[in-house]
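Peer 1: Generate a structure from the sequence data that follows.
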Amino acid sequence: MRIRIVLGAIVLLAALPAAAGERLAIWVSPAMSFAPANLVVRAAIEADKDNRAVEVIAESGEFYRSSEISLEGKNAPRINIFEFRSLPSGVYEVRGVLKGNGDQTRAVTREQVRVIASGTGS
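Peer 2: Residues are numbered from 1 along each chain as shown. Below is the predicted model of the structure:
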């Protein structure tokens, strides 16, 4: 039953538009996991003719990974999903960056997640 509630909440979050006046919002799940972790980032983008790309970055003190997709202005999907696989342990800042013409930054949003080292035992 608890799993259904969590899955329902994730689906609802994915369907929500960016908050009024926000060009970009991101939701990262899970917020805490064991290494190697798979993170799913949902980016909600307000429709705008000047949107050209969205980049999502997962960065810790010792690890960096990013992914970028092109957008077709107002015709771009409102929700874009990014997945980062096999992230090692660390505290990650996950950033979403919305870009306009000429790589101009239009919006930046951040979330923090923690990936905990797995115990190997000896």
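Peer 1: Which strands and helices lie in contact with the longest strand seen in the chain?
Peer 2: Taking DSSP state E as the criterion, the chain has its longest strand at strand 105-116. Helices and strands in packing contact with strand 105-116 are listed as strand 24-29, strand 32-34, strand 90-99; criterion 3 or more CB pairs under 8 Å, 6 or more residues apart in numbering; DSSP states H and E. (C-beta placed from N, C-alpha, C; glycine too.)
Peer 1: hmm, 10 Å instead?
Peer 2: Strand 105-116 sits against strand 24-29, strand 32-34, strand 37-45, strand 53-59, strand 79-87, strand 90-99, with contacts defined as 3 or more CB pairs under 10 Å, 6 or more residues apart in numbering; DSSP states H and E.
Peer 1: Okay, angle between the fifth one and strand 105-116 too, please.
Peer 2: Strand 79-87 and strand 105-116 meet at an angle of 40 degrees, taking axes from the mean of the first three to the mean of the last three CA atoms, to 10 degrees as the criterion.
Peer 1: Residues contacting strand 79-87, please?
Peer 2: Contacts with strand 79-87, where a contact means CB atoms under 10 Å, 6 or more residues apart in numbering, come from 13-18, 26-28, 33, 35-45, 54-58, 60, 63, 65-69, 71, 92, 94, 96, 113, 115.
Peer 1: List the contacts of the most centrally placed residue in the chain.
Peer 2: For the chain, the residue nearest the mean C-alpha position is residue 41 (2.9 Å; CA atoms, centre = their mean). Applying CB under 10 Å, 6+ apart, we find residue 41 in contact with 26-29, 56-58, 67, 80-84, 94-96, 111, 113.
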